[in-house]
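>>> prediction below, plus the sequence it came from.
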There are 2 protein chains.
Amino acid sequence: MSREQQVLDRIERARRRRPVVRDERITMAHGAGGKATRTLVEAVFVEAFGNPLLAPLGDGATLPAGAGDLAFTTDAFVVSPLFFPGGDIGDLAVNGTVNDLAMCGARPRYLSAGFILEEGFPVADLRRVTASMAAAASAAGVTIVTGDTKVVERGKADGCYVTTTGVGTVEHAFSAARPGDAVIVSGPIGEHGAAIMLARGDFGIEGDIASDTAPLHGLALALLEAVPGQVRALRDATRGGVATVLNELAGTAGLSITVEEDTLPVRPPVTGVCELLGLDPLYVACEGRFVAVVAGEHAERAVETLRGHALGAQAAVIGRVEEGNPGMVLLRTGFGGTRVVDVLVGDPLPRIC
Amino acid sequence: MSREQQVLDRIERARRRRPVVRDERITMAHGAGGKATRTLVEAVFVEAFGNPLLAPLGDGATLPAGAGDLAFTTDAFVVSPLFFPGGDIGDLAVNGTVNDLAMCGARPRYLSAGFILEEGFPVADLRRVTASMAAAASAAGVTIVTGDTKVVERGKADGCYVTTTGVGTVEHAFSAARPGDAVIVSGPIGEHGAAIMLARGDFGIEGDIASDTAPLHGLALALLEAVPGQVRALRDATRGGVATVLNELAGTAGLSITVEEDTLPVRPPVTGVCELLGLDPLYVACEGRFVAVVAGEHAERAVETLRGHALGAQAAVIGRVEEGNPGMVLLRTGFGGTRVVDVLVGDPLPRIC
């Protein structure tokens, strides 16, 4: 056998082997697009997400033809720390994009995932993130069909940033909000933001709070089907919290929203942490709660439907859409006073998603 | 007028004003999802990308119903420096995603853009990037319909990372490669990677090389229409260069590819820089070139078609698909020798896209 033939045989045997990442940490070569990238993609990403649409590993995935409008949404995730009680950057990213599709009245279908990895990031941590993404995708019935990986030098990117983009099929349309509509939240607020602040340990306080990260498409579709044509808007209350979402809803409707403070579902540990940190739970992010605006006469049925679902067990009407003061959100406090609830100003809670 | 009414009036007037970013630099608040984020999105992103699908600024965009399969692709961009001869991270990101769609035989339609910004990044630089993205999107006939912005602390993210995801409508299918097929490159290779290395100034050498970043959908569609059913595969030769793409093509086909070194189009300044840096141009990234595998008897017509287009003026047949040595790429050198061309190993050119 000639020397050249020996080399060719060796390469051929290597090609047939199932790829294994031998490095314990991410290196710049994993982002170079060559052999190390290919191995990482096959041994970590395909291993975790494996499905027929992803398998060809081409420049993009081909999605089978469907009918009807598509919802299309993207989110960059830079949460710190990457792992926290209740979740990690992986399920947070998948759920976040699934939820944005659900908020468009769409059934989530396909996801892409772009990774920016820091040189030195443990491959074991990357596997934890991808396993978490795979589990979240499976729970939400979506398929991760394409992706990309880049590596930046040590000291950049805090281990891992993930950008997920989703495509869903639009199944429901929304009607314009009107005075008398009910404003509903699907569950207790502020848990994700509070959990991240505690996980960071900067404040030397502890508490039993886990992130509420969850896929909301099931809950959203259940609501949309229970009161067809009666849902005016759905918004997941992420960065900026419920207060910011209410302001956006009031602004879009050209109406005002009055919230009854006593009706806001907030769990006692969240109230406690917010008091210690001087935060208002209305501005603290959720990652598994939405705000729904529903025709007033269907509010009861809407809340019942949400409460029949594990993720909506504590759903509640928190306020009403009203005429006048267009774009304004007002809070009626327990003491009978009224104050303006503006959008979030500044950044009291950085890097929570 | 009551004090409360005065406050309400002031807020209402503020709401009606066209938003202006007063900060000269990105702050953490721009990523918090509140007022500063909203202002940045309206004053910078909507200003640059403004279109009816983006305008609602909801959780996602709704894409009008179409028929047929969709192509879906994502890319994270971390190029350093952000601005370089021939382009910047903005047009690189748009063109990169447009090209991945084109390589799927699709007409690029819609893009999303996820930004990870570094605290302190000049807003003027962000405007340069978004203006460049808008120009590239317009040139490629795509619409940027949704996006997201996060901010990380000073020292992270090198100013700006951009992840673009694209959706296109599949218009052409590919047939399997066969022995005798011609391997064509659409133009001179290695210019993007060489331009970035020079722009970084690490090597103390100078040269007149600009990135070849360009949208390839027009060139790709022209080829696919000129020799219908005769194009076996299209791949843009980005990270890992032409050598890595050829290996992927050979691997997928289960055939070998033999390249004639003398036929490789490489411009003299690129050859010069590669010699100085000890690089092989076959491994240096392009961002405006593709490799096409075309039925041998249609190769001439294919090259003619490409040469009739400004971006394909120096297209050339560089090799053939052959039987035997499945998955292997061989290079016949000018001296009559033959060597194996493997995929890129290691990372001689980090952060070039």
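Okay, I see it.
>>> drop to CA atoms for contacts and neighbour counts, all remaining ones
Fine.
>>> what's the following helix or strand after the host helix or strand of A:Arg128?
Taking DSSP states H and E as the definition, A:Arg128 sits inside helix A:123-140. Using DSSP H and E, the helix or strand that follows helix A:123-140 in sequence is strand A:143-152.
>>> on that earlier part again, how far does the helix holding A:Arg128 sit from the chain's center?
Here helix A:123-140 is found 14 Å from its chain centre; the criterion is Cα atoms, centre = their mean, to the nearest Å.
>>> counting contacts, what elements does it pack onto?
Judged by 3 or more Cα pairs under 8 Å, 6 or more residues apart in numbering or on different chains; DSSP states H and E, the packing partners of helix A:123-140 are helix A:47-49, helix A:89-103.
>>> can the last one be found next to chain B?
The one in question is helix A:89-103. Yes - using Cα under 8 Å from any Cα of the partner chain, helix A:89-103 reaches chain B at A:100-101, A:103.
>>> would you single out the least confident of the helices and strands packed on helix A:123-140?
The stretch with the lowest mean pLDDT among these is helix A:47-49, at a mean of 91.
>>> so, low pLDDT: which residues of the stretch 1-150 of chain A?
Residues of the stretch 1-150 of chain A meeting the criterion pLDDT under 70: A:1-18.
>>> if you set the cut-off to 90 instead, what comes out?
A:1-22, A:33-35, A:38, A:42, A:47, A:50-68 (pLDDT under 90).
>>> not counting its own residues, what contacts the helix or strand encompassing A:Glu300?
Per DSSP H and E, A:Glu300 falls inside helix A:299-307. Residues outside helix A:299-307 that contact it (Cα atoms under 8 Å, 6 or more residues apart in numbering or on different chains): A:182, A:184, A:186, A:219, A:222-223, A:226-227, A:294, A:312-317.
>>> please name every helix or strand in contact with the helix or strand just after that helix.
Moving toward the C-terminus from helix A:299-307, the next helix or strand (DSSP H and E) is strand A:316-322. For strand A:316-322, the elements it packs on are strand A:182-185, strand A:256-260, helix A:299-307, judged by 3+ Cα pairs under 8 Å, 6+ apart.
>>> any chance of CSV for these, columns mean pLDDT?
Listed next are these as CSV, based on pLDDT from 0 to 100:
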stretch, mean pLDDT
strand A:182-185, 98
strand A:256-260, 98
helix A:299-307, 98
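>>> okay, the ones you listed, which one's buried deepest?
strand A:182-185 (a mean of 27; mean count of other Cα atoms under 10 Å in any protein chain shown).
>>> show the subsequent helix or strand relative to that one.
helix A:191-200.
>>> which parts of that following helix are buried?
A:191-199 (16 or more other Cα atoms under 10 Å in any protein chain shown).
>>> packed most tightly, which of the helices and strands packed on helix A:123-140 would that be?
Taking mean count of other Cα under 10 Å, helix A:89-103 is the most buried of the helices and strands packed on helix A:123-140, at a mean of 29.
>>> give me the residue at the spatial middle of chain A.
With distances taken as Cα atoms, centre = their mean, A:Gly96 lies nearest the centre of chain A, 1.3 Å away.
>>> what's near enough to touch that residue?
A:75, A:213, A:215, A:287.
>>> number of residues surrounding A:Gly334?
A:Gly334 has 11 neighbouring residues, counting by other Cα atoms under 10 Å in any protein chain shown.
>>> repeat that for A:Pro52.
11.
>>> the longest strand anywhere in chain A packs against which elements?
Longest strand in chain A by number of residues (criterion: DSSP state E): strand A:106-118. Counting contacts by 3+ Cα pairs under 8 Å, 6+ apart, strand A:106-118 packs against helix A:89-103, strand A:143-152, strand A:160-170, helix A:217-226, strand B:70-77.
>>> so can I have CSV of those showing distance to A:Pro19?
Formatted as CSV, the helices and strands packed on strand A:106-118 follow (distance: least, Cα to Cα, whole Å):
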stretch, distance to A:Pro19
helix A:89-103, 23
strand A:143-152, 17
strand A:160-170, 22
helix A:217-226, 35
strand B:70-77, 23
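>>> quick one: which of those is nearest B:Glu248?
strand A:143-152 (16.2 Å; Cα to Cα).
>>> and the helices and strands packed on strand A:316-322 as JSON lines, adding distance to A:Ala250?
Shown next, in JSON lines, are the helices and strands packed on strand A:316-322 (distance: least, Cα to Cα, whole Å):
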{"stretch": "strand A:182-185", "distance to A:Ala250": "11"}
{"stretch": "strand A:256-260", "distance to A:Ala250": "5"}
{"stretch": "helix A:299-307", "distance to A:Ala250": "18"}
